[in-house]
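Trainee: 3D, please:
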Amino acid sequence: MTEKVLTVQNRAGIHARPAALIAQTANKFASEILIEKDSTTVNAKSIMGVITMAAGYNTVLTLKADGPDEKNAIDALVQLFESKFEEE
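Mentor: Model prediction:
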């Protein structure tokens, strides 16, 4: 299992568009990919799951991936977060 702690850096937080980008990116990989916020864990491949986290600006999240391409999956999602979902 690969884990990475991230902070939501875009001012609008994770709303519909970033959630869709997260799910689209996660669905490219075979690994199981989860996002944790406090005590809530959601499937990163589910747009609705990601939206329901209500992750605003500066929210700390933990990405977890388990499977054959877990490292590549985490790297792709980290890049998405670091680019601020190409919104800024």
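
Trainee: Doesn't I33 belong to a helix?
Mentor: No. With DSSP: H, G, I helix; E, B strand; the rest coil as the criterion, I33 is strand rather than part of a helix.

Trainee: wait, what's in contact with it?
Mentor: A26, N43, A44, K45, L63, K64, A65, E70, A73, I74, L77 (C-beta atoms under 8 Å, 6 or more residues apart in numbering). Where you see a C-beta, it was placed from the backbone N, CA and C, and this is true even at glycine.

Trainee: redo that, cut-off 10 Å
Mentor: Neighbour list for I33: 2, 22-23, 25-27, 42-45, 63-67, 69-70, 73-74, 76-77 [criterion: C-beta atoms under 10 Å, 6 or more residues apart in numbering].

Trainee: any idea how far it is from Y57?
Mentor: Distance of I33 to Y57, given as C-beta to C-beta, to the nearest Å: 22 Å.

Trainee: Next: T40.
Mentor: As defined by C-beta to C-beta, T40 lies at a distance of 18 Å from Y57.

Trainee: if we look at the longest helix along the chain, which residues are touching it?
Mentor: Ordering each helix of the chain by length in residues (DSSP state H) puts helix 70-82 first. Defining contact as C-beta under 10 Å, 6+ apart, one finds that helix 70-82 is touched by 1-4, 6-10, 14, 18, 21-22, 24-26, 28-33, 35, 44, 61, 63-67, 69, 86.
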